[in-house]
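> Need coordinates for the following:
(one chain, ligands or ions: 2)
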Amino acid sequence: MRLAKINGDFCLYMTLSRICCIGAGYVGGPTCTIIADKCPDVTVTVTDLSQDRINQWNSDDLPIYEPGLDEIVRRRRNKNLFFSTDVKKAVIEAELIFICVNTPTKNYGLGKGRAADLKYVEAAARMIAEVANQSKIVVEKSTVPVKAAESISNILKANQRRGVQYQVLSNPEFLAEGTAVNDLLNPDRVLIGGEQTKEGREAVESLCWIYSHWVPRENIITMNTWSSELSKLAANAFLAQRISSINAMSAICEMTGADVTEVAHAVGTDTRIGNKFLKASVGFGGSCFQKDVLNMVYLCECLNLPEVAAYWQQVININEYQKRRFANRIIESLFNTVTNKKLAVFGFSFKKDTGDTRESAAIYVCKYLTDEGANLRIYDPKVTDKKIFSELTNPLMCEDPERVKELVTTYPDPYEAANGTHALVICTEWDQFTTLDYSRIYQKMLKPAFIFDGRLILDHEALMKIGFQVVTIGKKLQRSNVHRSFSTSSQS
Ligand SMILES: NC(=O)C1=CN([C@@H]2O[C@H](COP(=O)(O)OP(=O)(O)OC[C@H]3O[C@@H](n4cnc5c(N)ncnc54)[C@H](O)[C@@H]3O)[C@@H](O)[C@H]2O)C=CC1
Ligand SMILES: O=C(O)[C@H]1O[C@H](OP(=O)(O)OP(=O)(O)OC[C@H]2O[C@@H](n3ccc(=O)[nH]c3=O)[C@H](O)[C@@H]2O)[C@H](O)[C@@H](O)[C@@H]1O
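Numbering: from 1, shown residues only. Ligands and ions are numbered 1, 2, ... in the order given. Next up, the predicted model:
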């Protein structure tokens with residue numbers, strides 16, 4: 001035990017030698033790898049029910065692509081970092097347990113389509129209560145609705161063995177995929193919420209001790225559990241709101257001749273607003289923004305705050321509108337029909353530098369285009385064919401999987417994908433798309449050859465000089481590209 005001074009009071013806290021993580025996904029894997037690297041005296045075991053996932057973590061081919069992660073995993077694996085399916089054993093041995101399981105949007109029952117599904121969190125809590133034979137600090141790292149820590153605590157306490165005590169902390173994660181290693185090494189802040197009791201403060205200090213191995217103490221913020229839980233939802237809602245705000249501006253730009261990049265620059269140079277997260281796009285994707293904003297909407301509805309719920313719901317509505325709008329522009333520019341036309345789709349992940357496709361805008365754009373009978377030739381440097389087809393034939397998205405399989409082909413090479421197509425559609429901002437030889441691509445495409453830049457990453461002037469018809473987000477269409485007024489058709 002050590003002594004620390006918190007808010008003027010002295011409190012004892014435990015240094016830790018064994019921690020475990022339940023859930024070896026995009027959060028559990030990278031977070032615990034960094035902890036193991038920065039705390040060499042702490043043994044970290046990352047567990048999952050999925051044997052496949054654990055096998056991959058124990059191989060040279062990790063289950064997630066995250067720049068810089070492989071090297072750190074190799075450095076710590078089987079020294080103080082272990083990956084295992086023996087969840088119970090790891091829980092029994094650990095002094096502190098991170099719960100990093102998935103909390104997807106519920107697709108059944110009460111709150112369907114909005115509430116977070118907490119069944120995996122609850123199962124983890126019940127399992128801890130079942131096997132724990134000594135006191136534990138349980139850390140909720142999954143993103144959850146406010147008061148979930150209280151539910152976890154109730155489950156643990158209702159099932160606790162004699163002499164076993166629990167402290168439940170909220171420690172939401174703020175990493176972004178594609179930059180997880182850097183985000184974990186240099187977090188803007190670490191947030192820890194705990195009970196405002198002596199035992200609660202001691203548990204908070206123990207977790208602070210872990211992070212203080214590499215995070216400056218002033219960047220570790222402590223607060224009550226509910227504030228911590230709500231702060232995570234609020235942060236994601238604010239970020240998603242900025243994207244929907246600039247995407248809403250992009251629609252105005254396309255109608256007026258303003259350029260959304262210039263508007264974003266002008267707005268973002270106001271230091272009160274700041275310039276981050278103002279990049280207009282085909283729409284935000286990823287496993288969290290939509291899920292967490294919907295979670296917030298549901299929370300507001302349950303709290304009988306319909307005006308607040310409607311405010312946040314609009315962030316989602318604009319995102320849906322943006323994805324649909326982009327697909328409509330493609331169809332309209334291609335003379336109002338894409339039936340039987342060949343379109344190369346560049347990028348399928350929800351952002352660059354990740355192979356994650358969850359809620360990727362590309363899925364929706366591809367769906368709208370295949371609904372119109374377009375033949376799609378998809379290239380993504382990190383997404384597997386299996387994942388592309390499983391997203392596009394997901395029963396929630398698609399009524400006729402066989403037809404989608406007929407219409408979609410995947411390619412391992414962008415030049416091959418573009419060969420003989422009517423148009424090229426950029427859905428993800430992979431760096432490599434900016435350095436392709438577009439003259440070579442143009443030669444092999446059908447004419448007029450179109451490029452739809454859904455990420456504003458290409459040199460549009462240069463492409464037009466080559467001969468392309470270029471359509472992008474948030475800039476007025478070239479006269480030659482407009483075949484029907486967008487304002488009338490996009491309302492249909
Ligand atoms: N993906 C991201 O970038 C971020 C995610 N989050 C939040 O972190 C949580 C986890 O997200 P991801 O890592 O993306 O999810 P994920 O789906 O990649 O990983 C979750 C893992 O938990 C495992 N699991 C579920 N129940 C289990 C149990 N009872 N025992 C052992 N393993 C179990 C699943 O098999 C899965 O491998 C979510 O609440 C998410 O909202 C927060 C910040 C960033
Ligand atoms: O809770 C989570 O899961 C995480 O969600 C986001 O991280 P992530 O979804 O991995 O990636 P972002 O970089 O936030 O991008 C999300 C989506 O918004 C899009 N985006 C982002 C920024 C922008 O200016 N414009 C824009 O369209 C991206 O292309 C992507 O589709 C947050 O950035 C993280 O802080 C948070 O921890």
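> tally of neighbours for the residue in the stretch 301-450 of the chain positioned nearest to ligand 2?
Residue of the stretch 301-450 of the chain nearest ligand 2, by C-beta to the nearest ligand atom: Lys351 (3.8 Å). All C-beta atoms are positioned from the backbone trio N, CA, C, and that covers glycine. By other C-beta atoms under 10 Å, 21 other residues sit near Lys351.
> Do you know the pLDDT at it?
If you check Lys351, the pLDDT there is 97.
> What about the residue lying closest to it once chain neighbours are set aside? Give its phi and psi, please.
Leaving aside its chain neighbours, Lys351 sits nearest to Gly178 (5.8 Å; criterion: C-beta to C-beta, 6 or more residues apart in numbering). Torsion angles at Gly178 (phi, psi; degrees, to the nearest 10) stand at phi 90, psi -30.
> any bit of stretch 304-319 sitting next to ligand 2?
No. If you take C-beta under 6 Å from any ligand atom as the test, stretch 304-319 misses ligand 2, and the best it gets is 9.1 Å.
> ok, residues contacting that stretch?
237, 240-241, 243-244, 247-248, 283-284, 289-290, 293-294, 296-298, 300-301 (C-beta atoms under 8 Å, 6 or more residues apart in numbering).
> same thing but at 10 Å, please
Residues outside stretch 304-319 that contact it (C-beta atoms under 10 Å, 6 or more residues apart in numbering) are 114, 233, 237-248, 251, 281-285, 289-290, 292-303, 321, 325, 359, 361, 364.
> what residues are up against the residue of the chain found nearest ligand 1?
Nearest to ligand 1, among the residues of the chain, is Gly25, at 1.9 Å (C-beta to the nearest ligand atom). Counting by C-beta under 10 Å, 6+ apart, Gly25 makes contact with 46, 48, 50, 53, 63-64, 100-102, 142, 287, 356.
> hmm, back to that, secondary structure class for the residue of the stretch 301-450 of the chain closest to ligand 2?
Here Lys351 is coil, with the state taken from DSSP: H, G, I helix; E, B strand; the rest coil.
> tell me the phi and psi of it?
Phi and psi for Lys351, reported as degrees, to the nearest 10, are phi -160, psi 170.
> From Lys89, how far out is it?
Per C-beta to C-beta, to the nearest Å, Lys351 is found 36 Å from Lys89.
> ok, of the contacts of Gly25, which one's closest to Met127?
Taking C-beta to C-beta as the measure, Val101 is the one of these closest to Met127, at 10.7 Å.
> Using the three-state scheme, assign the residue most central in space within the chain.
The C-alpha lying nearest the average C-alpha coordinate of the chain belongs to Gly286 (C-alpha atoms, centre = their mean; 3.6 Å). Secondary structure, three-state DSSP: Gly286 is coil.
> in terms of contact, does it touch Glu177 like I think?
Yes. Contact status for Gly286 versus Glu177: in contact at 6.9 Å, counting by C-beta atoms under 10 Å.
> Quickly list what's touching both of the two.
With C-beta under 10 Å, 6+ apart as the test, Gly286 and Glu177 both reach 26, 349-351, 354, 356, 358.
> Neighbour-wise, which one of these leads?
Ser349 leads the shared contacts of Gly286 and Glu177 on contacts (other C-beta under 10 Å) with 28 neighbours.
> Quick check: phi and psi at it.
With angles defined as degrees, to the nearest 10, Ser349 sits at phi -70, psi 160.
> what's it in contact with, if anything?
For Ser349, the contacting residues are 65, 177-178, 285-286, 355-358, 360, 362, 380-383, 387-388, 427-430, by C-beta under 10 Å, 6+ apart.
> Among those, which are located in helices?
Here DSSP state H is the test, and the contacts of Ser349 give 362, 387-388 as lying in helices.
> between those residues, which is closest to Glu461?
Nearest to Glu461 among those: Ala362, at 25.6 Å, using C-beta to C-beta.
> How about the residues of the stretch 151-300 of the chain by ligand 1?
173, 175, 177, 287-288.
> Surely Phe284 and Asn247 touch.
Yes. Between Phe284 and Asn247 there is a contact at 8.3 Å, judged by C-beta under 10 Å.
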